[in-house]
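Peer 1: After the sequence you'll find the predicted model.
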There are 2 protein chains.
Amino acid sequence: MSKVAPTLEDVARIAGVSRATVSRVVNGTRNVDPELQETVRNAIEQTGYTPNRVARSLVTRRTGTVALVISGAGGGSDVFTDPFFGRVTAGVVDFLRGHSVHPVLMLADSDHARTEVVEFLRQGSADGALLVSTHPADPLPARLLEAGVPSVLYARPGRPMPVSYVDMDHRVGGRLAADHLVAAGRYNITAISGPMDVLASQDRHAGFRDAMARHGFPYVPTVEGGFTAESGAAAMHRLLVECPDLDAVFAANDLMAQAAVDVLHEHGLRVPDDVAVVGFDDSAPALACRPQLTTIRQPVERIAAQMADLLLADLEKPGQRPKSVIFEPELVVRASA
Amino acid sequence: MSKVAPTLEDVARIAGVSRATVSRVVNGTRNVDPELQETVRNAIEQTGYTPNRVARSLVTRRTGTVALVISGAGGGSDVFTDPFFGRVTAGVVDFLRGHSVHPVLMLADSDHARTEVVEFLRQGSADGALLVSTHPADPLPARLLEAGVPSVLYARPGRPMPVSYVDMDHRVGGRLAADHLVAAGRYNITAISGPMDVLASQDRHAGFRDAMARHGFPYVPTVEGGFTAESGAAAMHRLLVECPDLDAVFAANDLMAQAAVDVLHEHGLRVPDDVAVVGFDDSAPALACRPQLTTIRQPVERIAAQMADLLLADLEKPGQRPKSVIFEPELVVRASA
DNA sequence: GAGCGCTCTTACAACGTTGTAAAAACGAAG
DNA sequence: CTTCGTTTTTACAACGTTGTAAGAGCGCTC
């Protein structure tokens, strides 16, 4: 059975030196006689010693973990089926593993849960927080800031505050979609927006609408969706009723775009011949969709990695002023438009 | 700025009692005079005290975290785009949050990474491991067992060993698919299997083939896939070449089934009129697919929650003998077959 | 009113590490 | 042969918590 783990003390006794010397051999090997080093290393080998991380954390005040918090989203379980969060996780995990830092996954979908997250971090269970917060009214960023927890946000905060964040220029994304559809000669262009209480949705739509206006289209029939497939399908149905002669749809994410394509097919409309469809994100559904989606690429994994990078930098040298890094979207032309 | 966190000592001084008394108020409130309790609570309120989890862990030898390890899968990043892992994560997170336990996400896709996982757990950074290991040759389960780390596996281990696990009866799943296709009057039934070095794939296929044999079909044309959309499409192409008059396909997961449907459409074949398609898992693509997939439901979230439950039970009362819980699959009839 | 059994509270020693200040070892220089 | 620097090693006090054994307070009984 797993006998009790050996400690520094045990190693020191076997090597015939003091705890401190062993400690110095284990971490940065400064000022230790090479011969002694060898002896100590042997003793470590012999005992199978492995430093106790908790004890180390207690004195260094560093745990080597960060919290990855998904905040704001309503239903806890659906979150992980949305490709967006999977990609964020992938980007974060991939970056952190190169730095021997481990992410603790937390959901902050209720007030109770948010309190728990703040407590967790105040208790020093993690060194900082990576916060994916979609709703601008989310109180969590402010609460973490107030608690003095080093944090970096994915997406700019709802109200200005001194905190680092990464983001993408969603307005440019909207503009790219508009430019593409207009250049393709579409006239009856419509949109399925994301939930309007989400900043990214607002920006995507504003960018789209502004560009359309510049192209001479003062009004864009729009139905608000909820970033889910069901909401996308419902929105498409309504658009077809309100605007039967539409020849293009800009959907604020790929999930809704895919659902829209299905609805169009059900109505006997061909994509892109009758109706052009542009999505947003360039995530898995964009490729799974038939026809494959023309979409606006958001480099989620890179953005997420950058977020982790900013946090580690802040942990390394605390007290720097907040930073922001904004990524540029990119039009990916496939078959749907 | 965030002043240094208050400690038990501070609270004790303000309340005019000793550290131990405060400690007893904070956790299970046994044997403390109600009046004193009130005083202490006020002091806690006043200082904004929150117990330091690391210090607590050092003495209790419990961290309140478990490692959620994704092992075996090749590419680190794709993992999280596979709906399966998202669902496992959702199930685990959802269960654990009710128990104030937090999952640390780890990828074990290389030997180096596996060593890091074992070290992490031996160092006491987490109380136990939830291991999603797909390849039977994966050395991680054995190494964790050897290191005395409490663990529970998703899927039975490659070789028998005394460790708890949860699983589903994949053979029954294969049988359900075969029965359904035969009952629907299909004659030229084919299969796209999962990667054959994965136990779940073997079982699904074996169950399918055995049932087919019982129905009088001694041979099932089969192409091996890799659980990805691309591999599913490639497999479907090959099947169409080798077996042009096929009228049914059983794909070992929904991702491949969806890709197969697309390929069939490209060949001008209608689903289900010309070819029936049955998937496996009942994950998001099953609903996104047109027509929606008839599939074998695997209750991934419930299985994952059960896995977490077993681990917590083992942590609660260590040294019990290993347990296994096997779930039953279920046929979900939709439009594709 | 001394002794006894309660309940409640308090010191104190862990837990396993790191960092600092003091001590020992060892040459080299005067 | 002492004195002084330099390098290496050691002892000891943290870090913030919990658990245990000893102690204080207090109402009973005899």
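Peer 2: Cool, got the structure.

Peer 1: Would you mind naming what in chain A lies close to DNA strand D?
Peer 2: Residues of chain A found near DNA strand D (CB under 7 Å from any atom of the strand) are A:16-21, A:24, A:31-33, A:36, A:58-59. Any C-beta I mention is one placed from the backbone N, CA and C, and that applies to glycine too.

Peer 1: From these, list the buried ones, please.
Peer 2: Using 16 or more other CB atoms under 10 Å in any protein chain shown as the burial test, those include A:17, A:21, A:24, A:36, A:58 as buried.

Peer 1: Give me the neighbour count for the residue nearest to residue A:259 when sequence neighbours are not counted.
Peer 2: Counting by CB to CB, 6 or more residues apart in numbering or on different chains, residue A:232 is the residue found nearest to residue A:259 once chain neighbours are left out, at 3.5 Å. When neighbours are counted by other CB atoms under 10 Å in any protein chain shown, residue A:232 registers 30.

Peer 1: How about residue A:321?
Peer 2: Using other CB under 10 Å, residue A:321 has 6 neighbouring residues.

Peer 1: didn't it look like it was pressed against residue A:162?
Peer 2: Yes. The pair residue A:321 / residue A:162 is scored as a contact, 7.4 Å apart, by CB atoms under 8 Å.

Peer 1: What mean pLDDT does the host helix or strand of residue A:280 get?
Peer 2: For residue A:280, the enclosing helix or strand under DSSP states H and E is strand A:276-281. Strand A:276-281 comes out with an average pLDDT of 98.

Peer 1: Measure how far the helix or strand following it is from the centre of its chain, please.
Peer 2: Sequence order places helix A:284-288 as the next helix or strand after strand A:276-281, per DSSP H and E. The chain centroid and the centroid of helix A:284-288 are separated by 19 Å, computed with CA atoms, centre = their mean, to the nearest Å.

Peer 1: partners of whatever helix or strand comes next after helix A:284-288, with directions?
Peer 2: Remark: after helix A:284-288, the chain's next helix or strand is strand A:294-297, criterion DSSP H and E. According to DSSP bridges, strand A:294-297 forms sheet pairs with strand A:276-281 (parallel), strand A:330-332 (antiparallel).

Peer 1: most packed of these?
Peer 2: Highest mean neighbour count among those (mean count of other CB atoms under 10 Å in any protein chain shown): strand A:276-281, with a mean of 28.

Peer 1: Is residue A:219 part of a helix or strand, or is it coil?
Peer 2: Put simply, residue A:219 is coil when judged by DSSP: H, G, I helix; E, B strand; the rest coil.

Peer 1: State which one residue of the stretch 201-337 of chain A is found closest to DNA strand D.
Peer 2: Closest approach between the stretch 201-337 of chain A and DNA strand D, counting by CB to the nearest atom of the strand: residue A:318, at 16.4 Å.

Peer 1: Please report phi then psi for the closest residue to residue A:113 other than its chain neighbours.
Peer 2: Counting by CB to CB, 6+ apart, residue A:107 is the residue found nearest to residue A:113 once chain neighbours are left out, at 6.1 Å. Dihedral pair for residue A:107: phi -110, psi 130, per degrees, to the nearest 10.

Peer 1: re earlier: let me know the closest of the residues of chain A next to DNA strand D to residue B:173.
Peer 2: Nearest to residue B:173 out of the residues of chain A next to DNA strand D is residue A:58 (CB to CB; 48.6 Å).

Peer 1: so how far is the strand or helix carrying the closest one from its chain's centroid?
Peer 2: Assigned by DSSP H and E, residue A:58 falls within helix A:53-60. Remark: helix A:53-60 is offset 29 Å from the chain centroid, using CA atoms, centre = their mean.

Peer 1: tell me the angle of the helix or strand that it is followed by relative to helix A:53-60?
Peer 2: With elements assigned by DSSP H and E, the helix or strand that comes after helix A:53-60 is strand A:65-71. Angle, strand A:65-71 to helix A:53-60, by axes from the mean of the first three to the mean of the last three CA atoms, to 10 degrees: 90 degrees.

Peer 1: And the helices in the stretch 101-250 of chain A?
Peer 2: Using DSSP state H, counting those that start in this stretch, the helices of the stretch 101-250 of chain A run over A:111-122, A:140-146, A:170-183, A:199-214, A:229-242.

Peer 1: which residues are contacting the third one?
Peer 2: The contact list for helix A:170-183 (CB atoms under 8 Å, 6 or more residues apart in numbering or on different chains) reads A:189, A:199-200, A:203-212, A:215, A:217, A:248, A:250, A:276, A:278, A:280, A:294, A:296, A:298, A:328-331, A:333, A:337.

Peer 1: hang on, the earlier thing: which one of the strands paired with strand A:294-297 lies nearest to residue B:6?
Peer 2: Nearest of the strands paired with strand A:294-297 (CB to CB): strand A:276-281, 44.5 Å.

Peer 1: Residue A:311: what's it in contact with?
Peer 2: Contacts of residue A:311 were listed using CB under 8 Å, 6+ apart, and they are A:66, A:128, A:129, A:130, A:150, A:151, A:152, A:164.

Peer 1: pretty sure the third one contacts residue A:71?
Peer 2: The one in question is residue A:129. No. Using CB under 8 Å, residue A:129 makes no contact with residue A:71, being 9.6 Å away.

Peer 1: Between these two, which is the more surrounded one?
Peer 2: residue A:129 (27 against 24).

Peer 1: now the more buried one: how far from DNA strand D?
Peer 2: 20 Å (CB to the nearest atom of the strand, to the nearest Å).

Peer 1: For that residue, which residues are in contact?
Peer 2: A:66, A:67, A:68, A:69, A:117, A:121, A:144, A:149, A:150, A:151, A:152, A:311.

Peer 1: Could you identify which of the residues you listed has the most neighbours?
Peer 2: Top of the contacts of residue A:129 by neighbour count (other CB under 10 Å): residue A:69, with 30 neighbours.

Peer 1: Any idea what it is bridged to?
Peer 2: Beta-bridge partners of residue A:69, counted by DSSP bridges, are residue A:106, residue A:131.

Peer 1: And it, how close does it get to residue A:165?
Peer 2: Using CB to CB, to the nearest Å, residue A:69 is found at 14 Å from residue A:165.

Peer 1: got it, and residue A:303?
Peer 2: In terms of CB to CB, residue A:303 sits 10 Å off from residue A:165.

Peer 1: Between the two, which contacts overlap?
Peer 2: residue A:154.

Peer 1: out of everything not next to it in sequence, what's closest to the residue most central in space within chain A?
Peer 2: Computing the C-alpha centroid of chain A and ranking residues by CA atoms, centre = their mean puts residue A:88 first, at 3.6 Å. Distances taken as CB to CB, 6+ apart place residue A:304 nearest to residue A:88, at 4.5 Å, with adjacent residues excluded.

Peer 1: what's the neighbour count on that neighbour?
Peer 2: 25.

Peer 1: That one touches residue A:95, doesn't it?
Peer 2: Yes. Counting by CB under 8 Å, residue A:304 touches residue A:95, with 7.4 Å between them.

Peer 1: Next, work out how far apart the residue of the stretch 201-337 of chain A found nearest DNA strand C and residue A:85 are.
Peer 2: Here the stretch 201-337 of chain A gets closest to DNA strand C at one residue, residue A:316, 14.4 Å apart by CB to the nearest atom of the strand. As judged by CB to CB, residue A:316 and residue A:85 stand 27 Å apart.

Peer 1: between those two, which one's more packed in?
Peer 2: residue A:85 (23 against 8).

Peer 1: That concludes my questions; thank you for your assistance.
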